[in-house]
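Novice: Here's my sequence, what's the structure:
(one chain, ligands or ions: 1)
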Amino acid sequence: MDRFVINGGRLLSGSIKISGSKNTALPLMAAALLADGPVTITNIPSLRDIRTFARVMAVTGANVAHDESSHSVTVDAESLDRTEAPYELVKRMRASFYMLGALLGREGKARVSLPGGCAWGPRPVELHLDGMKAFGAEIDLEQGYVIATAPGGRLPGGSFTMSPSSVGATVNLLLASVLAKGNSRIENAAVEPDVVVFSEMLQAMGARIGGAGTDTLEIEGVDSLAAVNFENCADRIELGTFMIAAAIAGTPGQKIILTHARPDHLGQSFLDLFQKTGTEVQIDDRKVAVTAPAELTPVNVVTGVYPGFPTDLQAQWTILLACTNGNGKVRETIYPDRFKHIPELRRMGINAIVVGDEVVVEGGSPMQGAQVMSTDLRASVSLVLAGLVARGTTYVQRVYHLDRGYENLEGKLIELGADVSRERYDEWADPE
Ligand code: EPZ
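Specialist: Alright, predicted model coming up:
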């Protein structure tokens, strides 16, 4: 396995390019399965999750060409002859469940393994299934698989109100309904930028989606969807992560420039709270300049659906709070158990405790390098951020979690002046 070795204390400066969004690329790739003809999507990040999803899609017989050098994926579903997503692949990545909507929409049937829980909790999918039933699908569960069938080959359509609003369920229901025989309606749909950009691609293919970008979607089923070329948007969570890195480890008074970004996708809540920490932010279209202050002010955050503070940035915010000289809190309302990083951060000297759905952080304790273990993607990146500011050497183990969702993380940090390297290690080796 690989680990990161981080010698903390380097002040960062310079400029890096933000990669394409993982959580938008996955639904865009699924949408490509609905087209008549080859679809090319550009600005696809080089990530393990993208490779996994390309493999899941290829199981159906669709032609999936993932060219990492040009950051593009071309999907031609004409050869698709198998309507299945097997457990062995779905268990590696929950977003594989998008195959349910894509196959049901395209072929009128699907057999897709149910995803299990994940590192921080159960993460149910009943909204996906109830929504598809509301649109007229017959749903059966068989040996861990969902068998979904559209009577007569195409869904009649229907109406579904989502509670809570779910990114994944909105994506799956759009995939299932854009080629339906009749019309559908989704109320309390997710409005995260990932969903909005995905709706834009479907519209470019000829889908009729009214209210795209709002929480009420009206879908008029069409008979076919055309092949398109589509550009994926920039990764908003990568942007937020590097903004936090710049705030905690940037050279005070010097700008760190993040290019090819979509700051409008971060949501106003993050941008407002971030600036309240004393960090200066200048936005010029796709370019974000972040200047670290001499001292950070603690600011409490509460996660929420877009445009609220993203749950995918709360673990990173904990490190920002630890770098202040005051007390702060992170309250998690989307996934109340998403705090697996806290025990590892405590091993680095961070004074943070979990109280119910909150993390209470007492800033100002000196952080020291340690051997720490990644548990999931965002938890892992919080360990890397802590390593950047800790005294001494931090070993972040199980880097494969980071490789799922951050393209060339160590390369980008090195470009900013961090002392980070990747090395192989034997996790089960006895201590010397
Ligand atoms: C997406 O997950 C993202 N994943 C997650 O990012 C992100 O944390 C999450 O949205 C919230 O923004 C991808 O886009 C691949 P949800 P998703 O369904 O779609 C509840 C990362 O680190 N819910 O919007 O699975 C659920 O428990 C990942 O990149 C139900 O109750 O999230 C949660 O409380 C991790 N029943 C809330 O909805 C359901 O059937 C929102 O989850 C579905 C969801």
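
Novice: can you list the domains in this structure?
Specialist: For the chain, whose domains are defined here by automatic domain parsing, the residue ranges read 2-18+235-424, 22-219.

Novice: could you dump those domains to JSON lines with distance to the ligand?
Specialist: Heads up, the C-betas are built off the backbone N, CA and C, glycines and all. JSON lines is the format used below for the domains of the chain (distance: least, C-beta to the nearest ligand atom, whole Å):
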{"stretch": "domain 2-18+235-424", "distance to the ligand": "5"}
{"stretch": "domain 22-219", "distance to the ligand": "3"}
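
Novice: can you list these in TSV and add distance to Val228 and mean pLDDT?
Specialist: Conversion of the domains of the chain to TSV gives the following (distance: least, C-beta to C-beta, whole Å; pLDDT from 0 to 100):
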stretch	distance to Val228	mean pLDDT
domain 2-18+235-424	20	97
domain 22-219	5	96
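
Novice: Next, format the ones you listed as CSV and append mean neighbour count.
Specialist: CSV is the format used below for these (neighbours: other C-beta atoms under 10 Å):
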stretch, mean neighbour count
domain 2-18+235-424, 20
domain 22-219, 20
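
Novice: and stretch 416-432, how far out from the chain's middle?
Specialist: On the basis of C-alpha atoms, centre = their mean, to the nearest Å, the separation between the geometric centre of stretch 416-432 and that of its chain is 26 Å.

Novice: who touches Ser79 in this structure?
Specialist: Ser79 makes contact with Gly61, Ala62, Asn63 under the criterion C-beta atoms under 8 Å, 6 or more residues apart in numbering.

Novice: now, which of these lie within strands?
Specialist: With strands identified by DSSP state E, the entries of these that belong to them are Asn63.

Novice: and which of the contacts of Ser79 is nearest Leu266?
Specialist: Distance to Leu266, by C-beta to C-beta, is smallest for Ala62 among the contacts of Ser79, at 33.3 Å.

Novice: Moving along the chain from the helix or strand harbouring Ala31, name the first helix or strand you hit.
Specialist: Counting by DSSP states H and E, the element that carries Ala31 is helix 22-32. Elements were assigned by DSSP H and E; along the chain past helix 22-32, the next helix or strand is strand 39-42.

Novice: Which residues does that following strand contact?
Specialist: The set of residues that contact strand 39-42 without belonging to it, under C-beta under 8 Å, 6+ apart, is 25, 28-29, 31-32, 70-76, 201, 205, 227-232.

Novice: which residues of the chain fall in helices?
Specialist: With helices called from DSSP state H, the chain shows them at 22-32, 48-58, 87-90, 98-107, 126-134, 167-177, 193-204, 236-249, 268-276, 314-322, 342-346, 377-389, 400-405, 409-415.

Novice: Can you redo those helices as CSV, where the extra columns are distance to Ala148?
Specialist: Rendered in CSV, the data for those read as follows (distance: least, C-beta to C-beta, whole Å):
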stretch, distance to Ala148
helix 22-32, 15
helix 48-58, 16
helix 87-90, 14
helix 98-107, 5
helix 126-134, 6
helix 167-177, 8
helix 193-204, 19
helix 236-249, 30
helix 268-276, 36
helix 314-322, 34
helix 342-346, 38
helix 377-389, 28
helix 400-405, 27
helix 409-415, 37
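
Novice: Can you check which of those gets nearest to Met1?
Specialist: Closest to Met1 of the helices of the chain is helix 400-405 (C-beta to C-beta; 6.8 Å).

Novice: which residues are contacting the closest one?
Specialist: Helix 400-405 is contacted from outside by 1-2, 4, 22, 47-49, 93, 237, 374-381, 384, 396, 409, using C-beta under 8 Å, 6+ apart.

Novice: The same query, at a cut-off of 7 Å, please.
Specialist: Helix 400-405 is contacted from outside by Met1, Asp2, Lys22, Leu47, Arg48, Asp49, Ser374, Asp376, Leu377, Ser380, Val381, Leu409, using C-beta atoms under 7 Å, 6 or more residues apart in numbering.

Novice: same question, stretch 416-427
Specialist: With C-beta under 7 Å, 6+ apart, stretch 416-427 has contacts from 1-7, 10-14, 16, 256, 388, 397, 399, 410, 413-414.

Novice: and what of stretch 245-254?
Specialist: Applying C-beta under 7 Å, 6+ apart, the contact partners of stretch 245-254 are 11-13, 256, 277, 279, 290-294, 296, 319-320, 323, 385, 388-389.

Novice: swap the cut-off to 6 Å and go again
Specialist: Residues outside stretch 245-254 that contact it (C-beta atoms under 6 Å, 6 or more residues apart in numbering): 11-13, 256, 279, 290, 292, 294, 320, 323, 385, 388-389.

Novice: again, but for stretch 259-266
Specialist: Residues from elsewhere that reach stretch 259-266, judged by C-beta under 6 Å, 6+ apart: Lys17, Ile18, Pro193, Cys233, Ala234, Arg236, Leu239, Gly240, Ile283, Arg286, Lys287, Val288.

Novice: Return the residues in contact with the first one.
Specialist: The contact partners of Lys17, by C-beta under 6 Å, 6+ apart, come to Thr259, His260.

Novice: redo that, cut-off 8 Å
Specialist: Lys17 makes contacts with Leu258, Thr259, His260, as judged by C-beta under 8 Å, 6+ apart.

Novice: Bridged to it, which residues?
Specialist: Per DSSP bridges, the residues bridged to Lys17 are Thr259.

Novice: With the fifth one instead?
Specialist: With DSSP bridges applied, the residues forming beta bridges to Ala234 are Gly20.

Novice: Wait, it touches Ile18, no?
Specialist: Yes. With contact defined as C-beta atoms under 8 Å, Ala234 counts as touching Ile18 (4.8 Å).
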